[in-house]
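In: Would you be able to build a 3D model of this:
(3 chains)
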Amino acid sequence: MDPLAQLNPAQQEAVLTGAGPLLVLAGAGTGKTRVITFRIAELIRRGTPADRILSVTFTNKAAREMHQRATSLLGRSSATQPVICTFHALCVRILRQEITALGYPKHFSIYDRGDQESTARTTLREIQVSDQTLRPADLLHRISRWKTAGVPPERAADYVENDQDFLAAVAYRKYQAALRSSGAVDFDDLLLVTRQLFDEHPQILRKYQRSFEYIQIDEYQDTNAAQFYLISALVKPHHNLCVVGDDDQSIYGWRGAEVTHILNFQKQFPQAKVVRLQDNYRCTDEILQLANRLVRHNRGRHEKTLVAHKHNGRKIRFLEYEDEHQEAEQLVREIQHLNTELNVPAGHIAILFRTNEQPRPVEAQLRQHNVRYVLIGGQSFFDRREIRDILAYLKAIAFPNDEPSLLRIVNVPARGIGNSTMHKLIQRSVASGQSLWHAFDEAASQRAIPARAASSLQALKQTLESYRQRFRRRPSALHATLSDLISEIGYHSEIEKHYKSAEQQTARKAMLASLIDTVKDYCTRAGKPSLVTFLQDTSLVGRDDESDKEEQLSENAVKLMTLHSAKGLEFPHVYMIGMEEGLLPHRRSIIGSESAIAEERRLTYVGVTRAMDQLTLTRATGRMKWGKRRPSLPSRFLHEMQHEQPAVPAADQTGDSQDLAAHDG
DNA sequence: AAGGAGGGTTTTTTT
DNA sequence: AACCCTCCTT
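Out: Next comes the predicted model:
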């Protein structure tokens, strides 16, 4: 049987379109992942080598899933694998090969959020800005905006609007210099450095242009300027670019995503073919109507008419409770009922929320009632103190210039190296433009630091150096070396000192054991394991690495996640909790512009359209905030989705698409 | 330098 | 309520 027969005409059209630019406007639940995977298979069937097809997804999870689907569709027939990854992973893939062309060390480290914050803090201290005037997080936010918009440190001063911006512009320069001198890149740099590589080395760009014959991008509405630039460069010779997205689901404006890319695709590629997927197979008619009524309140969007294929669904419910505890209690009671009385598997249920503090009371209830659940994202494995400490050791070993990691571990466990010593060394290192270790050698020979601290630092330096060798010598047994390292630095006693209860201690030690397991897994899986590669992969995949384990484990567990991480998923039963002003829309968006509210509205739209059969929206009339109970009002979106939109002047309806570009995250 | 007490602040969303 | 930072004592 022809597998294409499973698809509707619009889907088939998208799949069968060959060369040239293609825009697929895919509403929620219209099977876009399916279309992309079928397209990959079709291109291969027509003779394109699999590894010449690049598909970019938005999350690692989506990449994994798409990869699975594609390989099951292809069967054993193909010798090579299609390339399916995120933008960031694509850049790392390229930079691992080419970064030395830009004068970076071959083994560059990738700064995660913690490293970024630590560098930001040092930077601010250096230019003597207290972190009350400009908090590290605010600085990083501004830097990220500049970076994604393609503004280099030298030019940031031109984009200054207030005092904080001014300070940030100064700090940006220092921050970038610090990264540069440690041979490190942050997340945004991965894209920018790749862009720089393409700009300055046309022959490298040509190489990658040739290596990818077809490029597909999922969630195109969420691409930022840097990603857009990379893709434009890569497809220049052939324009074999297929983008798939939905402007109504653009929820990353705050991170530099620009809807204009999807809205202007036809301007950029006038010969582009456009296919609309409007048959929704996911939601019931009722749910879809609710979603449509809501999103129609936004201006300047592509009007779409999603057609539901499921009818006579369950009634949508709007529930109200006294506070978040009531909300959680009733929610869990109902889940138990669904579970035990109605035989609904736990895995069919999702609880969605706006902020990461919201699931706390729900988690407590779920645990109390022994309901299996997984919290997706949020505080997890790689955020644990022990894990971060040990990873910092590994990074300090793999990347001798990685300052944030060194600063983190230098006195953990305590070994007599105090703040004043480190301050002195940092100052010296900044003044001389040399690394911290270099500053230490100098200071030690001048006897400028206390003898005890000096000898401890010397010992640490030797330990790190010797493990650097050991890791290098036995790349296939990284886990064994890691285990040695943990005992050598005495981390177990550090845990015993820190946590009093035996329960805590075993739990924390178990963390270490599972980190060793993770490394072991990596060693067996990776073709050519190395500490550097492990660390680079880890910082990319980060917290969602656990999902391998979790995925099997969670087959049948209630899923808790933010609205943002719910994008692209679907569940038979969806609960959206905390439908209140201040939470959804979030208070920060209410202070902001109209476009910020519009993004919150799209976020709500995303949430509503996750539901296949049963949708429940709950709210509390009051909520604890900073230790006090505060009353909260129903979300404006609840009203909007239940009532037809009052007549809107025609001008508003057609609103210039530029409106949407004016996000200000 | 280490550890503990007290005070002030905070979380929007993430690759 | 929880966390982080700073200051204070040892």
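
In: which residues of the stretch 551-665 of chain A score low on pLDDT?
Out: Along the stretch 551-665 of chain A, the model assigns pLDDT under 70 to residues A:551-555, A:645-665.

In: Can you name the residues of it sitting close to DNA strand C?
Out: Contacts of the stretch 551-665 of chain A with DNA strand C, taken as Cβ under 7 Å from any atom of the strand, map to A:624, A:626-627. To be clear about C-beta, it is placed using only N, CA and C from the backbone, and glycine gets the same treatment.

In: And for chain A?
Out: A:624, A:626-627.

In: From those residues, which land in helices?
Out: Using DSSP state H, no member of the residues of chain A next to DNA strand C sits in helices.

In: check those against DNA strand B, which are close?
Out: A:626-627.

In: top of the residues of chain A next to DNA strand C by neighbour count?
Out: A:M624 (14 neighbours; other Cβ atoms under 10 Å).

In: Now distance to A:A444 too, for the residues of chain A next to DNA strand C, in a markdown table please.
Out: Shown next, in a markdown table, are the residues of chain A next to DNA strand C (distance: Cβ to Cβ, whole Å):
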| residue | distance to A:A444 |
| --- | --- |
| A:M624 | 52 |
| A:W626 | 47 |
| A:G627 | 48 |
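
In: Pick out whichever of the residues of chain A next to DNA strand C sits closest to A:L230.
Out: Nearest to A:L230 among the residues of chain A next to DNA strand C: A:W626, at 42.4 Å, using Cβ to Cβ.

In: Ramachandran coordinates for that closest one?
Out: phi 50, psi 40 (degrees, to the nearest 10).

In: So it versus A:E258, what's the distance?
Out: Going from A:W626 to A:E258 by Cβ to Cβ, to the nearest Å gives 35 Å.

In: and what of A:P82?
Out: 27 Å.

In: one step back: which among the residues of the stretch 551-665 of chain A next to DNA strand C gets closest to DNA strand B?
Out: Taking Cβ to the nearest atom of the strand as the measure, DNA strand B sits nearest to A:W626 out of those, at 3.7 Å.

In: Let me know the distance separating the closest one from A:D323.
Out: 15 Å.

In: ok, now A:P21?
Out: For A:P21 relative to A:D323 (Cβ to Cβ), the value is 52 Å.

In: and what of A:A184?
Out: For A:A184 relative to A:D323 (Cβ to Cβ), the value is 45 Å.

In: do A:L124 as well
Out: 39 Å.

In: which of these two has more neighbours?
Out: With neighbours defined as other Cβ under 10 Å, A:L124 and A:D323 compare such that A:L124 has more, 23 against 16.

In: So the helix or strand harbouring that one, near DNA strand B or not?
Out: Assigned by DSSP states H and E, A:L124 belongs to helix A:113-126. Yes. On the criterion Cβ under 7 Å from any atom of the strand, helix A:113-126 is in touch with DNA strand B at A:R113.

In: which is the next helix or strand following that helix?
Out: helix A:136-148.

In: buried set for whichever helix or strand comes after that next one?
Out: Using DSSP H and E, the helix or strand that directly follows helix A:136-148 along the chain is helix A:163-181. Of all the residues in helix A:163-181, those buried under the rule 16 or more other Cβ atoms under 10 Å are A:164-165, A:167-176, A:178-179.

In: okay, those in CSV with pLDDT and distance to A:G607 next?
Out: Shown next, in CSV, are these (pLDDT from 0 to 100; distance: Cβ to Cβ, whole Å):
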residue, pLDDT, distance to A:G607
A:Q164, 78, 33
A:D165, 83, 33
A:L167, 84, 37
A:A168, 86, 33
A:A169, 89, 37
A:V170, 88, 40
A:A171, 87, 36
A:Y172, 91, 35
A:R173, 90, 40
A:K174, 88, 40
A:Y175, 90, 35
A:Q176, 91, 37
A:A178, 87, 39
A:L179, 89, 36
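
In: Put together JSON lines for these, with distance to A:P136 on each row.
Out: Shown next, in JSON lines, are the buried residues of helix A:163-181 (distance: Cβ to Cβ, whole Å):
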{"residue": "A:Q164", "distance to A:P136": "13"}
{"residue": "A:D165", "distance to A:P136": "15"}
{"residue": "A:L167", "distance to A:P136": "12"}
{"residue": "A:A168", "distance to A:P136": "11"}
{"residue": "A:A169", "distance to A:P136": "15"}
{"residue": "A:V170", "distance to A:P136": "14"}
{"residue": "A:A171", "distance to A:P136": "9"}
{"residue": "A:Y172", "distance to A:P136": "13"}
{"residue": "A:R173", "distance to A:P136": "16"}
{"residue": "A:K174", "distance to A:P136": "13"}
{"residue": "A:Y175", "distance to A:P136": "10"}
{"residue": "A:Q176", "distance to A:P136": "15"}
{"residue": "A:A178", "distance to A:P136": "13"}
{"residue": "A:L179", "distance to A:P136": "14"}
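
In: Tell me the one among those residues nearest to A:A63.
Out: Among the buried residues of helix A:163-181, A:L179 lies closest to A:A63 (Cβ to Cβ), at 26.4 Å.

In: and the closest one, what is it in contact with?
Out: A:111, A:119, A:185-186, A:189 (Cβ atoms under 8 Å, 6 or more residues apart in numbering).

In: ok, of those, which come out buried?
Out: Of those, these count as buried by 16+ other Cβ under 10 Å: A:111, A:119, A:185-186, A:189.

In: so can I have TSV of those residues showing pLDDT?
Out: Compiled in TSV, these are given as follows (pLDDT from 0 to 100):
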residue	pLDDT
A:Y111	88
A:T119	85
A:V185	92
A:D186	91
A:D189	93
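
In: Show me these that map onto helices.
Out: A:119, A:189.

In: Closest one of the buried ones among the contacts of A:L179 to DNA strand B?
Out: Among these, and counting by Cβ to the nearest atom of the strand, the member closest to DNA strand B is A:D186, at 8.5 Å.

In: avg pLDDT for stretch A:29-37?
Out: The average pLDDT within stretch A:29-37 is 90.

In: Need the residues that contact it.
Out: Stretch A:29-37 is contacted from outside by A:7, A:11, A:14-15, A:24, A:26, A:55, A:62, A:65-66, A:69-70, A:73, A:216, A:218, A:242, A:244, A:277-283, A:306, A:568, A:570, A:609, using Cβ under 8 Å, 6+ apart.
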